[in-house]
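S.K.: No sequence on hand, only this structure:
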């Protein structure tokens, strides 16, 4: 691309008007990058920005089944949808708050565990040993499996009466625990989610480790640093930029995860594991109230924007302080 | 190219995109020799449906010269597909809808109303079974669809288990059902199986028992879920697991029909309340000579206001998309599918009930099972509330019941006050949605 732009204009032909030509060439040089960006920009608008704006517009309307055929006829709700959603004395508001709390707890536990597992595995897989490649590939299996098939399999395994989990634990009969309903359902969801996301953490941390120069470890070893000390003082600081992005991405994915709970529990999740994405789906698609669902989505978007902005601000300040 | 030019280019792109999105409208693009038909999944698989329907559609093409493009859509997707079609105006010409969605879809205006003139074109109102026609939209408005397949609930039971226990006939009242259920429950076997984790099934049983207790879930279109009769009805249903212990608490996890069918076929449960489903029983390996069916029990003594109801009018309706470009062809197709000959052939293949009176003369609907369902459908079945918020009602009540079953399975006690609290919450959700 650069070579194209930097190409000198063709040698001026004799008798032509050089200054105007040069102006045109310069203009072309300035315009080219934008022209090249345009398709991407248009697609970005189409795929992300426009639906988002439509969603925001929907949240200010009373868009129920009476109006979905002709959205423009939907009466203006003003802040009505938000008032319903945020009214903690009403069933709708209370349920949303509950679901929000569950989602925060789920995200913290799930991201923490996925990160911990991924880092531990990546660090342990760093020294060369026989079968390392095979093990690394094996660890990536959950990430490579089709999501739907994998989670359905979990759902089968977690059945109380016929599932593999209770079978392996030797729990049978009327006192066997439930995994897909009641309090345990939260932990089932966490386990399945961690199982799905930790290979990603593993992959990213593994890639990050390849960039740490080996001589740093050698120098540290010469100074008498043990394994833990080397991990704390060499690996962790040098992985920080990788971890910053990794944690943010994991957080956003996990917080917004719809597929795992939907496939695991069906269209109505147990209260203890009612993640906000499924809750919003229920509020809009199952009950045909797209205005209310959009209002919840916009609030979710605002929350995620706030957290992301805060996180990035803190992270970059720390980087500046460190530097 | 400055910022302003980029901005205007972007705006232009945006405009082009939105314009493309708004365009369109018709479905078969107005071709009078073609129809697009969305069929619901009535058979044991989508493929089974195609095998049943294709010869029928070929017959229609032979008679009229109109080609029908068939798409069979599974239940988890059908409603979302219809909503998407409604929103975009890009949909089929003719489609199947669950009849409980009638009033909800009617409110969207996406479906062609069958006023008297339109009904006359498909053979007239009087051909159809009255209860089925009552489940085609809000009262006082022209039907939003015509009935295609009739369904009703019945109590399936395993004759072999009954025989072994010396029980001669299926229960006719709830106390008999509980009594028989207790006699048949022993380690590894349960008197009754329920799809307690299935939202819509729960809601259907709440409606049936609700009618027996005299509950009305809507006052006009205003939700009135939290009534004593409704709470009592739901308590009676929950108590089958909670108090009488004739239902495996594990059923709280049952989110589809297959597991209950299998329990009955394998002798792990003796009774199961379901819509006519002989074909599905056969598919899971039930010995068909051991399969009996009876109407769902009635109360021993009706509470005040209780209605003699033991099923809702279940089934599938056939609707025409209002945006169709081939209304004439679509109505011809509706007339064809509801003709006596096709009704016999289709309902025979699916094990459902014809929705037109003439079809019942056929010997296929004179069997013992068919007669039970037929009597229920024509005599003691009541349509689900025909209000726009019906689907919200099913979701709210069904989910609440699913949660309470989960609580019971976990060993907690659910009493009438708790139930009424949950129903009051459902009322609020519905009110916020409306």
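M.R.: Looks like it arrived, so ask away. Keep in mind the model is a prediction, meaning the values are calculated, not measured. Numbers count the residues shown, from 1 in each chain, chains lettered A, B, ... in the order given.

S.K.: for whichever residue of the stretch 201-350 of chain B sits closest to chain A, phi and psi?
M.R.: Nearest to chain A in the stretch 201-350 of chain B, going by Cβ to the nearest Cβ, is residue B:250, at a distance of 4.3 Å. Placement of C-beta: from N, CA and C, glycine included. Backbone geometry at residue B:250, expressed as degrees, to the nearest 10, gives phi -60, psi -20.

S.K.: Spatially nearest residue to it (excluding sequence neighbours)?
M.R.: residue A:161 (4.3 Å; Cβ to Cβ, 6 or more residues apart in numbering or on different chains).

S.K.: quick one, what contacts the one you found?
M.R.: A:176, B:248, B:250, B:253 (Cβ atoms under 8 Å, 6 or more residues apart in numbering or on different chains).

S.K.: How far does stretch B:304-322 stretch from one end to the other?
M.R.: 43 Å (Cα to Cα, to the nearest Å).

S.K.: re the thing from before, among the contacts of residue A:161, who's most crowded?
M.R.: Ranked by the number of neighbours (other Cβ atoms under 10 Å in any protein chain shown), the contacts of residue A:161 place residue B:253 first, at 28 neighbours.

S.K.: Thought residue A:185 was touching that one, still the case?
M.R.: No: between residue B:253 and residue A:185 there is no contact under Cβ atoms under 8 Å: 10.1 Å.

S.K.: Common neighbours of the two, please.
M.R.: With Cβ under 8 Å, 6+ apart, residue B:253 and residue A:185 have common neighbours residue A:178.

S.K.: so where do the strands sit in chain B?
M.R.: Along chain B, counting by DSSP state E, strands occupy B:34-40, B:67-73, B:94-98, B:146-151, B:153-158, B:190-193, B:218-219, B:222-223, B:269-275, B:291-294, B:311-312, B:314-320, B:381-382.

S.K.: Return the angle between stretch directions for the third one and strand B:314-320.
M.R.: Between the direction of strand B:94-98 and that of strand B:314-320, the angle (axes from the mean of the first three to the mean of the last three Cα atoms, to 10 degrees) works out to 150 degrees.

S.K.: quick one, what contacts the closest residue to residue B:139 other than its chain neighbours?
M.R.: Once flanking residues are discounted, residue B:139 sits nearest to residue B:386: 6.1 Å by Cβ to Cβ, 6+ apart. Residues in contact with residue B:386, defined by Cβ under 8 Å, 6+ apart, are B:102, B:103, B:134, B:135, B:137, B:138, B:139.

S.K.: Same check on residue A:192?
M.R.: Listed by Cβ under 8 Å, 6+ apart, the contact set of residue A:192 reads A:151, A:154, A:260, A:264.

S.K.: which SS state does the residue nearest to residue B:250 fall under?
M.R.: coil (DSSP: H, G, I helix; E, B strand; the rest coil).

S.K.: Which residue ranges of the stretch 101-250 of chain A form helices?
M.R.: A:132-139, A:141-144, A:147-157, A:164-169, A:184-209, A:214-222, A:227-230, A:236-256 (DSSP state H, counting those that start in this stretch).

S.K.: what would the ones you listed look like in TSV with mean pLDDT?
M.R.: Below are those laid out as TSV (pLDDT from 0 to 100):
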stretch	mean pLDDT
helix A:132-139	91
helix A:141-144	90
helix A:147-157	92
helix A:164-169	90
helix A:184-209	95
helix A:214-222	89
helix A:227-230	88
helix A:236-256	93
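
S.K.: Identify, out of those, the most deeply packed stretch.
M.R.: Neighbour counts (mean count of other Cβ atoms under 10 Å in any protein chain shown) averaged over each of these peak at helix A:184-209, with a mean of 21.

S.K.: Next, the angle helix A:147-157 makes with that helix.
M.R.: Between helix A:184-209 and helix A:147-157, the angle formed by their directions is 140 degrees, by the same axes, to 10 degrees.

S.K.: Output the contacts of residue A:161 in a markdown table, with distance to residue A:123 appended to each entry.
M.R.: Below are the contacts of residue A:161 laid out as a markdown table (distance: Cβ to Cβ, whole Å):
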| residue | distance to residue A:123 |
| --- | --- |
| A:176 | 38 |
| B:248 | 47 |
| B:250 | 42 |
| B:253 | 39 |
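
S.K.: how near is the residue nearest to residue B:250 to residue A:177?
M.R.: 11 Å (Cβ to Cβ, to the nearest Å).

S.K.: can you pull the buried residues of stretch B:362-369?
M.R.: B:362, B:365, B:369 (16 or more other Cβ atoms under 10 Å in any protein chain shown).

S.K.: In contact with the residue lying closest to the first one once chain neighbours are set aside, which residues?
M.R.: In this case it means residue B:362. Of all residues not flanking residue B:362 in the chain, residue B:344 sits nearest, at 4.6 Å (Cβ to Cβ, 6+ apart). Residue B:344 is in contact with B:354, B:359, B:362, B:364, B:365, counting by Cβ under 8 Å, 6+ apart.
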